[in-house]
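A.B. asks: how would this look folded up:
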Amino acid sequence: MARKYILKKSDLPERSPFGIDYRKELNEAQYHAVTATEGPLLVIAGAGTGKTRTLVYRVAHLVEIGADPRSILLLTFTRRAAEEMLRRASLLIDNRCAKVAGGTFHSFANIILRHFGQKIGLSPSFTIMDRPDSEDVVQLLRAELGLNTKEKRFPRKQTVAEIYSMALNKQWTIPDLIERDYPHLYDALEDLLRLYERYVGYKKGRGLLDYDDLLIKLKDLLADHEAVRRRLSDTYRFIMVDEYQDTNRLQSEIVRLLAASHDNVMVVGDDAQSIYSFRGANFRNIMDFPKDFPGTRMISLEENYRSTQPILSLTNEIIRRAQERYEKNLFTSKEQGDIPLLVRAESEQAQSRFVCQKVLELREEGVPLWDIAVLFRSSFHSFDLEIELTRYNIPFVKRGGFQFMESAHIKDLLAHLRIFANPQDAISWNRVLLLHEGIGPQMSQKITHWILEGSQVAERLRSFESKGKVAHGLKTLAQVLEACSEGQRPAEKVQYLMQYYVPILKRKYPDDYPKRLKDLEHFQGITERYRNLERLLSDMALEPPTDSVDGVLAVDPDEGPLVLSTIHSAKGLEWHSVFIIWALEGRFPSYYNINTQEELEEERRLLYVAATRAKENLFITYPVKIFDRGTSMILSRPSQFIEGIPEELLEPMTLVDEEEDRGWED
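C.D. replies: Numbering: from 1, shown residues only. So this is what the prediction gives:
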């Protein structure tokens, strides 16, 4: 009988058959997302949960298990994102990853249409127009159709191009889009449709495609030619799409068609960060993916590597209230941290003062200015803060939208105020006079010389020899000058000035005057802080501090300025400390921008995106006693998205002026 020799159980770790130890490099959810290679897969990647890392490792894993790199298609929203992911995947294994087909939907469409476009009557030598090219063609055809005459007001070329693009991306008809998003342009609908027909014919006759045509033609090619559809589907056996919540209806249809012979589609995104409907993005794409691809497996990435747990607990609560969402609960190993603060300010100025003071405190604690951000719903929400930051000598850079002094309609209003303060201001006179019909540059100079030669400005305006619209405009302007007497406060002058300027605003900016009007109303609110016109104008005339940062606060020139940003422009970024200002019911969400439940829910997601940008500190502020001229209401409640959240998740704080604080306890 043979002797036995017992082999003891090895304590050595199992050796991975791959060059990468995926179990070690990834958390559990990421690992399952990376190694699930067959069938449809929906990865709900919460904010800061390593979405890009997951995509990079999945590319590497597919190549390591033997997939032909040329059979992998990675679709992203920027060329740089695709290149960076494939570069990182190559560093993980080898240069085989460089053969992966990666790029944007538009770049992929360009490649495919060059090869197969003749199937739909498209020459492979077609020329791609960028947006300025498209706008120039619109301008040319508009002139040919006689739509650019002064007698017949017609939308600007930029607006027309935007309307045509949005209709295609949303797969809506132009009449439907006009009715919903541009009702003030409804009178121009017939001409817009006529111009669109001419625009389409012009492009076809000259072998031109605009950006939207690339997607339209690709979808048509895939839908109408089965042989091409099968060939492409057989070629790209593994399809991955990044930021799927930002895709439009057209792009989701392309993905479905590309997967005709298989369902190996992995889409990564976060329903809670779908905030770009104004660009055509469709929230339903990510919510309906399981319907479009039956048998979808869903994996949620919930471990956050950015924020502290108190911040995540608040953001979880904000999005938990959403009407429709995928269940997820962000968590982190960084359990300790300060509870986010809900700061109630007695006025907009108090809100601005708090932000400035707290920013300086954070900087003293060692947080660099570039690692602090102030986020807001709309660009004009930061106007007052920009003035206060300048007073505090805090350098800042603004992203998304325009700075206060860069908007033409604000400049128009300020030009009038400068004339009130200094009737000899020839530059302001020129801007004011050019607003009137019938007055061009030469006549404006002539009138300005006439005005400056005398002392009684209103009388000089009335006595200038003119006829028709010019004479009427000058007389109206003279009345405004007389009505805005020296004794009035700046806010009263602006209130009267608005009555005169709004008709000019509608005529000069017919396409987007409703949005500009909100800016002016907000500016009117700022003027209420001032008793003196000269002080107001001095503050408005201060150069942006970012023009000369040297020496401000004695900061290191490499430190960089404080970041002011719209929330839309902040997506994908992160900062040590984040302020969200104007979290006021009626402003966020705005009473003016919400027409449907879908729009309200997107506003909720917008706040969620803003809050998840913070790593260590989060301050949400709102001013009270804000008079809304549109509704004649006093706004004082915090946003409905945060009202009622337990204090252990969002700690309330009230601002008290130093001279009022006597140390008394409630």
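
A.B. asks: Quick check: residue 7 is in a helix.
C.D. replies: No. Going by DSSP: H, G, I helix; E, B strand; the rest coil, the assignment for residue 7 is coil, not a helix.

A.B. asks: That one: how many residues sit nearby?
C.D. replies: By other Cβ atoms under 10 Å, the residues close to residue 7 number 5. For glycine as for every other residue, the C-beta is placed from the backbone atoms N, C-alpha and C.

A.B. asks: Have a look at this protein and report its longest helix.
C.D. replies: Criterion DSSP state H: the longest helix present in the chain is helix 490-508.

A.B. asks: what's the spacing between residue 334 and residue 342?
C.D. replies: Noted for residue 334: a distance of 22 Å to residue 342, by Cβ to Cβ, to the nearest Å.

A.B. asks: if we can go back for a sec, in the longest helix of the chain, what counts as buried?
C.D. replies: For helix 490-508, the neighbour count (16 or more other Cβ atoms under 10 Å) marks 490, 491, 493, 494, 495, 497, 498, 501, 504, 505, 508 as buried.

A.B. asks: Which of the residues you listed sits closest to residue 338?
C.D. replies: Closest approach between those and residue 338, by Cβ to Cβ: residue 491, at 38.3 Å.

A.B. asks: What are the neighbouring residues in contact with the closest one?
C.D. replies: Contacts for residue 491 (Cβ atoms under 8 Å, 6 or more residues apart in numbering) come out as 524, 527, 528, 530.

A.B. asks: Are we agreed that the last one is in a helix?
C.D. replies: By that I understand residue 530. No. Residue 530 is assigned coil when assessed by three-state DSSP, not a helix.

A.B. asks: can you pull the contacts of the closest residue to it other than its chain neighbours?
C.D. replies: Residue nearest to residue 530 in three dimensions, not counting chain neighbours: residue 536, with 4.2 Å by Cβ to Cβ, 6 or more residues apart in numbering. Counting by Cβ under 8 Å, 6+ apart, residue 536 touches 417, 490, 527, 530.

A.B. asks: On the three-state scheme, residue 536 is what?
C.D. replies: Per three-state DSSP, residue 536 ends up helix.

A.B. asks: pretty sure residue 258 contacts residue 231?
C.D. replies: No. Using Cβ atoms under 8 Å, residue 258 makes no contact with residue 231, being 11.0 Å away.

A.B. asks: Neighbour count: the two, which is higher?
C.D. replies: Between residue 258 and residue 231, counting by other Cβ under 10 Å, residue 258 is the more crowded of the two (23 against 14).

A.B. asks: now that one: how far from residue 235?
C.D. replies: When residue 258 is compared with residue 235 (using Cβ to Cβ), they lie 9 Å apart.

A.B. asks: that older thread, can you turn the buried subset of the contacts of residue 491 into a selection I can paste into PyMOL?
C.D. replies: Buried residues among the contacts of residue 491 (16+ other Cβ under 10 Å), as a PyMOL selection:
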select buried, resi 524+527+528+530
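
A.B. asks: could the contacts of residue 491 be laid out in CSV, adding pLDDT?
C.D. replies: Putting the contacts of residue 491 into CSV (pLDDT from 0 to 100) gives the following:
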residue, pLDDT
524, 81
527, 81
528, 79
530, 80
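
A.B. asks: Mind putting the contacts of residue 491 into JSON lines with distance to residue 45?
C.D. replies: Converted to JSON lines, the contacts of residue 491 look like this (distance: Cβ to Cβ, whole Å):
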{"residue": "524", "distance to residue 45": "43"}
{"residue": "527", "distance to residue 45": "45"}
{"residue": "528", "distance to residue 45": "45"}
{"residue": "530", "distance to residue 45": "48"}
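
A.B. asks: residue ranges with poor pLDDT in the stretch 401-550 of the chain?
C.D. replies: 401-406, 466-467, 486-487, 538-550 (pLDDT under 70).

A.B. asks: What ranges does it have for its helices?
C.D. replies: For the stretch 401-550 of the chain, helices defined by DSSP state H, counting those that start in this stretch occupy the ranges 408-421, 426-434, 441-452, 457-463, 468-483, 490-508, 513-527, 533-541.

A.B. asks: Please apply the same query to the stretch 151-300 of the chain.
C.D. replies: So, for the stretch 151-300 of the chain - with DSSP H, counting those that start in this stretch - the helices run 157-170, 174-181, 189-205, 211-224, 226-235, 249-258, 283-287, 289-292.

A.B. asks: could you give the angle of the fourth one to helix 189-205?
C.D. replies: Using axes from the mean of the first three to the mean of the last three Cα atoms, to 10 degrees, the interaxial angle of helix 211-224 with respect to helix 189-205 works out to 70 degrees.

A.B. asks: What are the buried residues along helix 211-224?
C.D. replies: Neighbour-count burial for helix 211-224 [16+ other Cβ under 10 Å]: 211, 212, 213, 214, 215, 216, 217, 218, 219, 221, 222.

A.B. asks: Farthest pair within those?
C.D. replies: Using Cβ to Cβ, the two most remote members of the buried residues of helix 211-224 are 211 and 222, lying 17.9 Å apart.

A.B. asks: ok, residue 97 - contacts?
C.D. replies: Residue 97 makes contacts with 59, 60, 63, 69, 86, 89, 90, as judged by Cβ under 8 Å, 6+ apart.

A.B. asks: The third one: helix or strand, and which one exactly?
C.D. replies: Secondary-structure assignment from DSSP states H and E places residue 63 in helix 51-64.

A.B. asks: got it, and the last one?
C.D. replies: Remark: residue 90 resides in helix 79-92, with elements defined by DSSP H and E.

A.B. asks: next helix or strand past that helix?
C.D. replies: Next helix or strand after helix 79-92 toward the C-terminus (DSSP H and E): strand 101-104.

A.B. asks: now for that following strand, which elements pack on it?
C.D. replies: For strand 101-104, the elements it packs on are strand 72-76, helix 79-92, judged by 3 or more Cβ pairs under 8 Å, 6 or more residues apart in numbering; DSSP states H and E.
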